[in-house]
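J.: Got a predicted structure plus its sequence, pasted below:
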Amino acid sequence: MSPATRQHPQRHEHRHDAGAFVTAVESACESRGLRLTPLRLRVLELIAAAEKPIKAYDLLDRLRADHGNAAPPTVYRALDFLLEHCFIHKLESINAYVGCHHPDEAHQVPFLICDECSSAAELCDERVAQLLGEQARERGFAPRAQTLEVHGLCRDCARKHPAS
């Protein structure tokens, strides 16, 4: 990576394309030799179709529409698989799940979470994760994972409620 790239990494926005996301995960599973069972696939499709982060019990309710006998452990096992293989992210502060914009690579990125409309935007700029990791290591701390979630108002909600 050139110094210029490190100083000014390419930033990009993502459009919500549920079908493309599911296809990318299916491809990643195939190339990695992972088993994307019908239930895992359905949970993934439900997460992909959600316009906002979705909670496990909301997934369960939607699953029960298709499979009346779906139980919480079933959903949590599917979520664990999808999380383990970096196909989704868990937003800890709101206990909800979103699809990962880069399902073919493991990465840690911050999220901007709107407290009014519950939207979540993945920031695809690894400088934040790198800086946190560097700061931790400089202090002798060995980071295993990082979750950075910034709460506030998205652009649309901020326009509705301008600061006084």
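T.: Arrived safely, thanks for sending. Residues are numbered from 1 along each chain as shown.

J.: okay, CA-based contacts and neighbour counts for the rest of this
T.: Noted.

J.: got the residue ranges for the helices in the chain?
T.: 3-7, 18-32, 38-49, 56-66, 72-84, 127-138, 155-160 (DSSP state H).

J.: avg pLDDT for the longest one?
T.: Per-residue pLDDT values across helix 18-32 average out to 93.

J.: Equivalent analysis for the third one, please.
T.: Mean per-residue pLDDT for helix 38-49: 95.

J.: about what we covered before: let me have the helices of the chain in a markdown table, extended by mean neighbour count and distance to residue 101.
T.: Formatted as a markdown table, those follow (neighbours: other CA atoms under 10 Å; distance: least, CA to CA, whole Å):
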| stretch | mean neighbour count | distance to residue 101 |
| --- | --- | --- |
| helix 3-7 | 9 | 21 |
| helix 18-32 | 16 | 7 |
| helix 38-49 | 20 | 10 |
| helix 56-66 | 16 | 20 |
| helix 72-84 | 16 | 13 |
| helix 127-138 | 14 | 16 |
| helix 155-160 | 11 | 20 |
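
J.: Out of these, flag the one nearest residue 118.
T.: Nearest to residue 118, of all the helices of the chain, is helix 155-160, at 10.2 Å by CA to CA.

J.: Show me what that closest one is in contact with.
T.: For helix 155-160, the external contacting residues (CA atoms under 8 Å, 6 or more residues apart in numbering) are 114, 116-117.

J.: I'm done for today, thanks for sticking with me.
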